[in-house]
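Chemist: here is my input; please provide its structure:
(chains A and B)
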Amino acid sequence: MIDADRITRVLFEDFAPAAVRVFYVIGYGAIAVFGYGVYVQVRKYRRGAAAALGGNGWARLGAMTGSLLSHRTVARRDRPAGAAHRLIFFGFGLLFLGTATITLEYDILAPLFGIHFWNGSFYLWFSLVLDIAGVALIAGLLYMMYRRGWLRLPKLDYARPDRAPGDPDYDRTGYRREDWAFLWTLLVIGVTGFVLEAVRLVWLAARPDVWDYRWWSPVGALFAEAMRAAGLSAVPAGWLRDGLWWFHGIIALVLIALIPFSKVKHIFTAAGSLLVRDPLAAQRLPRVPEGQPAGVERITDFTWKQLLSLDACTKCGRCHEACPARAVGAPLSPRDVILSLREFANRTLQSGVLPDAAELSVHGKGPGQVAMETLWSCRTCMACVEICPVAVEHVPIIVQLRRKLVEDGAMEPLLAKTLQTIHKTGNSLGESRRKRGAWSKALPFPVKDARKEPVDVLWFVGDYASFDPRNQKVTQGFATLLHQANVDFGILYDGESNAGNDVRRVGEEGLFETLAAANIASLGAASFKTIVTTDPHSYNTIRNEYPDFGGNYRIQHYTTLLRQLFGEGHLKVAKPLGLRATFHDPCHLGRFNQGYEAPRELLGLLGCELVEMGRCRANSFCCGAGGGRIWMADPVGSEKPAQNRIKEAAAIPGLQVYVVSCPKDLTMFEDALKTTGNEGRFVVRELIELVREAVT
Amino acid sequence: MKILVPVKQVAALDEDFEIDSTGRDVSEEFLIRDLNEWDDYSLEEALKIKDGATMPVEVVAVSVGPERIDESLRKCLAKGADRAIRVWDAGVEGSDSIAIARLLAAVAKREAPDLLFAGVQSSDHAFASTGIATASFLGWPHAAVVAYLGYEPGARTAVVRRELEGGVLHELAIDCPAVLTIQLGINAPRYASLRSIKQAAAKPIEVLAPAALGLADSDVGPSGSLSRVRRMYIPDKGRAQMIEGTAVEQAARLAEIIRKFKGAGA
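Modeler: Numbers count the residues shown, from 1 in each chain, chains lettered A, B, ... in the order given. Next up, the predicted model:
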């Protein structure tokens, strides 16, 4: 039996002391370069503005660790990529830990305290685990190469919708080279590791403390057997081992040195970005700090957290794929906004001295700048934020850039006009304030004025539902349902203003503040227990944003209230509808506020057969009206997001009704139904209308 | 150089408005106040000159009215006007466009601008006379309905194109100082964000009484005006009526109506 102490990892076997010293010089050199790189990157982030991180630090740490270990965010909507990344992550992680453990013993514990643990069964098990880790790493890398080289996924081709060929920053060849260099470098490190292991076994085959335990390194042993079978003997194996040892070691050290200067840094920046993630990033936009100008003009106006997240982006293209603006050919890809700003930050903030303020403006058409056409294309639908595996928060970045455009008046005249109208009349349709509750006159029962008498449920109606003639029918229908269910409800009449959700997402923060203050004052003067709203946009801002302005309420969307009224027996289905239906999740109800279940349960109660579209729930496809786009004209001749969506629904065989639960959706999709030539094939209905039909 | 921009806070009618008890105006509660649309363009034209100039250009907004019009002046300040002046005292109440012009001319004499840009007209009263009357009081050259302006800051003359009927443009050179009334569409007025309007609240608005401008009580108000409002009313609706029925019935009914209007027996 061989003494367990002798069974250990062969390290500097047969190395001249000078060679070991050379290796240490290279090693420390690599760490120094790495350290300098980290310093430069941290200095870059610190040139950003201060960031307030909400929430509990431990909870954030827990969430980040959970995301990293589960790989949940990486695997979403691309399971093979998630699986491959998991192999690389854990493979590389274990190999790194293993190597670090050697350093721990050889350079720290042994010389300082005489502690040795890297031998015996511990060594053997670790040797086995690291061999498996190496296989995992190589397998993951090979899939990633297959994915890039053969699958040719559109989301990975880096084609930019916001630049034209010939523009200085159109060409993305550099990114492609870096992607391949990264994969090849890791692959070479992994493969040479195994070959090195094999030649070492061949070289030391005469030593029983090495050779007899070779199957604890199964891959290395397999290679070694093959080499010996091919006639490799100990002496040339020793030469090979020398050469490969240096090659493997140096390439690994170079990779470490280059981490802060290359895409490899995502192993730190992605984790960092996940750590500082704001779970309500798009739902609750940041306030403008007191006494500071609104919005982002210069790269240094972004917070350090935002600058860090720019570096977290791995160009995975999921936001690019999910973006409704990109899908219809608008000059916007959330990915390219992030990459542009990253390139801009790297160019301006990595040098020792900060350039002049004039060179720091991120607005414009120059390299790394973001054009206003790009910013105004955004629907703030949150599809990008929701799917980003590394917690890049595109929507607040875009809105903060828009705030600057609004201050400069750089917007479409139609939008400027609408904002002025909202300021003047409190609604986007330019109707008289006093006509806001006029829809209720057609009802056979009075609707209470919640400012004059107390009610249980205050109904926040919203602009479209109040003024748009088509939506008024739905509004009257909901009032009738509440009346039938004996709900004690009222509205604010002309005390209600536009809730400001979309005004805020346009970037008109001052107007949003005015609207929020007006509504909070009206709500404060009314007596009620809870708020219900038929408008998901109002729902979002009252629920998530009004608390920042002192308005704290219990609010629900009408779908949960109706579900409750059915559940408690206040409403009953008299006539099951038996329709084949699909449901469109409104961005602000679904993705923003996870209101996925209530509308589906209601459809079930009504006796509808629900057939989901491919893009549903969190991946629901925006109707195109969000972020103030409803107040801007879409380019003539191009497909609108709503048309794209209706075509998706039209592919469902035998579809009878396309169900929506948002006033803007009703307007957008009834229009799209006509313009896509699907009128007559199926209808667009508000869920309220179906409920009305079924209960009477 | 300096450009003086007289602006007006106009009133738009809300739905279902009512005439007030004097019978000479719409009830205050049905009015929605805002800056006159033409003045957005005249102010923008001044700000464009200021933005494009290499020399310092001062843009001064002036308006005649009570405290509530400060809101409109603040909008001008938010957009980039350097100063704002409001002319008012109780005696100014009831002034017509001529009396207002007399006040504006007095301000212009005090400010001595190189150019004065007024809107062609106001969207509520639509006299289209204030700007031109101001030129008359000042004895300055004037051009009305200006749709294009070519002016180098500090130059002695400006080139203007006036919009005439039938799409004809009338180009002329005009000596400065001059009064121009600016037409809609000459430029694209900028947007004043709510934040900038709120921030403009910190900028002072100079308030002047007519006396401070050297005007007597009789120069303003009804006594300084050349016209007085007698009444404001909604005319009776026309009494058009569809004649129903077959062609024969319709012809018979028409003949009956004609006979009735001609007078019986004629």
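
Chemist: so which bits of chain A are right by chain B?
Modeler: Counting by C-beta under 8 Å from any C-beta of the partner chain, the residues of chain A close to chain B are A:288, A:294, A:406-407, A:409, A:411, A:413, A:416, A:419-420, A:423-425, A:431-435, A:508-511, A:513-514. Just so you know, the C-beta spots here come from the backbone N, C-alpha and C atoms, and that holds for glycine as well.

Chemist: domain ranges for chain A?
Modeler: A:15-46+A:79-159+A:166-273, A:289-410, A:421-566, A:571-695 (automatic domain parsing).

Chemist: any idea which residue of chain A lies closest to chain B?
Modeler: Chain B sits closest to A:Gly510 of chain A, with a gap of 2.9 Å, by C-beta to the nearest C-beta.

Chemist: so which of the domains of chain A gets nearest B:Lys198?
Modeler: Nearest to B:Lys198, of all the domains of chain A, is domain A:421-566, at 6.0 Å by C-beta to C-beta.

Chemist: average model confidence for the closest one?
Modeler: Regarding domain A:421-566, the rounded mean pLDDT is 97.

Chemist: need the distance between the two termini of it.
Modeler: Domain A:421-566 has an end-to-end distance of 40 Å (criterion: C-alpha to C-alpha, to the nearest Å).

Chemist: just how off-centre is that domain within its chain?
Modeler: Taking C-alpha atoms, centre = their mean, to the nearest Å, one finds domain A:421-566 lying 31 Å from the centre of the chain it belongs to.

Chemist: and the strands in the chain?
Modeler: No chain in the question, so chain A it is. Secondary structure of chain A by DSSP state E: the strands cover A:448-449, A:457-460, A:489-491, A:530-533, A:555-557, A:580-583, A:609-610, A:657-660, A:683-686.

Chemist: nope, chain B
Modeler: Under DSSP E, chain B gives strands at B:2-6, B:9-13, B:31-35, B:58-64, B:83-87, B:115-119, B:142-150, B:157-163, B:169-175, B:178-182, B:206-208.

Chemist: among these, which is nearest A:Asp167?
Modeler: Of all the strands of chain B, strand B:142-150 sits nearest to A:Asp167, with 34.7 Å by C-beta to C-beta.

Chemist: identify all contacting residues around the closest one.
Modeler: B:45, B:120, B:128, B:131-132, B:135-136, B:158-164, B:169, B:172, B:174, B:178-183, B:185-186 (C-beta atoms under 8 Å, 6 or more residues apart in numbering or on different chains).

Chemist: would you mind checking these for buried ones?
Modeler: B:45, B:120, B:128, B:131-132, B:135-136, B:158, B:160-163, B:174, B:178-183, B:186 (16 or more other C-beta atoms under 10 Å in any protein chain shown).

Chemist: and residue 2, what is it in contact with?
Modeler: Since no chain was named, I'll use chain A. Applying C-beta under 8 Å, 6+ apart, we find A:Ile2 in contact with A:208-209, A:212.

Chemist: um, chain B though
Modeler: B:57-60, B:111-114.

Chemist: quick one: it from chain A, how far?
Modeler: 24 Å (C-beta to the nearest C-beta, to the nearest Å).

Chemist: relative to B:Ala201, how far out is the residue in chain B positioned nearest to chain A?
Modeler: Residue nearest to chain A within chain B (C-beta to the nearest C-beta): B:Leu194, separated by 2.9 Å. Using C-beta to C-beta, to the nearest Å, we find B:Leu194 at a distance of 11 Å from B:Ala201.

Chemist: so which of the strands of chain A gets nearest A:Arg163?
Modeler: Among the strands of chain A, strand A:657-660 comes nearest to A:Arg163, with 35.2 Å by C-beta to C-beta.

Chemist: helices or strands next to the closest one in the packing?
Modeler: strand A:580-583, helix A:663-675, strand A:683-686, helix A:687-695 (3 or more C-beta pairs under 8 Å, 6 or more residues apart in numbering or on different chains; DSSP states H and E).

Chemist: how about the residues of chain B near chain A?
Modeler: Chain B comes close to chain A at residues B:14-16, B:32, B:34, B:188, B:190-198, as judged by C-beta under 8 Å from any C-beta.
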